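Peer 1: fold the following, please.
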Amino acid sequence: MTHVYGSHVFVVISLLTLICLCVNSEDIRCKCICPPYKDIEGQIYKQNVSLKDCNCLHVVEPMPVDGKDVEAYCLRCECKYEERSSGTIKFTIIMYLSILGFLLLYMVYLTLLEPMLKRRLFGHSQLIQSEDDVGDQQPFANAHNVLSRSHSRSNMLNKVEHAQQRWRRQVQEQRKSVFDRHVVLS
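Peer 2: Presented below is the predicted three-dimensional model:
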């Protein structure tokens, strides 16, 4: 169980980090990927510029080559204008965290609170049932109710036992047929 809690904590921390990154980031940018050129290594450049300024001359700073090689260098670079909606990203992350939080609360309910509630509920219902069976002043006034309850319980138990036996027989038949086929095939 500790592993499950640890993984949930890791997910929550990573999502909070993403939220912080989304809050501090811009919705538009230009990204230029420039391959190696002569003795200059390839690099990726990013700038927050408008669509019309999304080219090598406005994004690549500092320019790694001198005046006459700038045009050749920029022709090799591939620049893309990227737009994203940080509002949608934030909304999605908040929804995901809300659902995750709800599921964690439900898990806590199932593991901690539900067993205590069941103990209280079943303990109380058994006490009431025993008072109903024993508490009457007239010994046979309530006999029909007790017999019908016990009859319906035994009838239900018989149905369950019958279904269980039928299921066991089906499983045994399936095992026999699988093992017989296996012997015949090999």
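
Peer 1: can we go C-alpha only for contacts and neighbour counts from here?
Peer 2: Will do.

Peer 1: can you give me the helices in the protein?
Peer 2: 2-24, 56-59, 70-76, 86-108, 114-134, 143-185 (DSSP state H).

Peer 1: between those, which gets the lowest average pLDDT?
Peer 2: Lowest mean pLDDT within the helices of the chain: helix 2-24, at a mean of 57.

Peer 1: can I see the domain layout of this structure?
Peer 2: Following automatic domain parsing, the chain resolves into domains at 2-90, 136-186.

Peer 1: and D27, how many neighbours?
Peer 2: 14 (other CA atoms under 10 Å).

Peer 1: and what of E82?
Peer 2: For E82, using other CA under 10 Å, the count is 14.

Peer 1: wait, it touches K46, no?
Peer 2: No: taking contacts as CA atoms under 8 Å, E82 lies outside contact range of K46: 10.2 Å.

Peer 1: name the residues contacting each of the two.
Peer 2: The contact sets of E82 and K46 overlap at R29, C30, K31 (CA atoms under 8 Å, 6 or more residues apart in numbering).

Peer 1: I'd like the distance between the last one and R84.
Peer 2: Plainly put, K31 is 13 Å away from R84 if you go by CA to CA, to the nearest Å.

Peer 1: the more surrounded of the two?
Peer 2: Taking other CA under 10 Å, K31 and R84 do not tie; K31 has more neighbours (23 against 11).

Peer 1: tell me how far that one lies from V49.
Peer 2: Distance of K31 to V49, given as CA to CA: 10 Å.

Peer 1: need the overlap of contacts for those two.
Peer 2: V59.

Peer 1: now do the contacts for I40.
Peer 2: If you count contacts by CA under 8 Å, 6+ apart, I40 has them with P64.

Peer 1: is it in a bridge, and if so with what?
Peer 2: Y37 (DSSP bridges).

Peer 1: show the model's pLDDT score for it.
Peer 2: pLDDT for I40: 89.

Peer 1: gap between it and K31?
Peer 2: According to CA to CA, I40 and K31 sit 18 Å apart.

Peer 1: can you check A163 too?
Peer 2: 67 Å.

Peer 1: likewise for R168?
Peer 2: In terms of CA to CA, R168 sits 66 Å off from K31.

Peer 1: what do you get for I89?
Peer 2: Taken as CA to CA, the span from I89 to K31 is 20 Å.

Peer 1: next: N55.
Peer 2: N55 sits 9 Å away from K31, going by CA to CA.

Peer 1: didn't S85 look like it was pressed against D27?
Peer 2: Yes: between S85 and D27 there is a contact under CA under 8 Å: 6.0 Å.

Peer 1: nearest to L97, of the shared contacts of E82 and K46?
Peer 2: Nearest to L97 among the shared contacts of E82 and K46 is R29, at 27.5 Å by CA to CA.

Peer 1: residues contacting that closest one?
Peer 2: Listed by CA under 8 Å, 6+ apart, the contact set of R29 reads K46, Q47, N48, V49, S50, Y81, E82, E83.
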